[in-house]
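Chemist: 3D, please:
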Amino acid sequence: MKSAQEVVDTMYNGDAFSKWLGIKVEHCEAGACRLSLVVREEMTNGFKIAHGGISYSLADSALAFASNGHGTQALSIETAISHTKPVKVGEKMIATASEIRKSRSIGIYEVRVQNEAGDLVAHFKGTVFRKDLEW
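Modeler: As a prediction, this is how the structure comes out:
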């Protein structure tokens, strides 16, 4: 079975969207992951703040890497996000995923998205289906 880092490397290498976002993998292990990105101008909405889809995508990637880090393939089946503070161009967002519960077929994760000052900018919860297929 592949290690968490090998799984994340495999996933990231084939993930054109996460690369386009400029996501950096800061740390990953089975059931946990920390990613970051810096908000660019083209990531903003009409209010000149980061589009909600940017923090969602960052959190979703953290969920994917954390849940697949156990070495078995996992796919999200339900997610939800609350945006709590605006993020501006040039600001760094850091997403930290942690495992809440893992069974043979289901995993539940929380992802906290913070700015560099440590302020919570989004709170994400995700549920994954764990397949019987190793990476």
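
Chemist: biggest helix in this protein, by residue count?
Modeler: Criterion DSSP state H: the longest helix present in the chain is helix 52-68.

Chemist: Mind giving me the packing neighbours of the next helix or strand after that helix?
Modeler: Under the assignment DSSP states H and E, the closest C-terminal helix or strand after helix 52-68 is strand 72-83. Packed against strand 72-83 by the contact rule (3 or more CB pairs under 8 Å, 6 or more residues apart in numbering; DSSP states H and E) you find helix 52-68, strand 120-134. (C-beta placed from N, C-alpha, C; glycine too.)

Chemist: Ok, which of those comes nearest V87?
Modeler: Each of those has some distance to V87 by CB to CB; the shortest is strand 120-134, at 5.3 Å.

Chemist: same for that closest one, what does it pack against?
Modeler: helix 52-68, strand 72-83, strand 92-102, strand 106-115.

Chemist: mind checking pLDDT for the residue nearest to the spatial centre of the chain?
Modeler: With distances taken as CA atoms, centre = their mean, A62 lies nearest the centre of the chain, 2.0 Å away. Among the per-residue scores, A62 shows a pLDDT of 98.

Chemist: Then M1?
Modeler: Predicted confidence (pLDDT) at M1: the value is 86.
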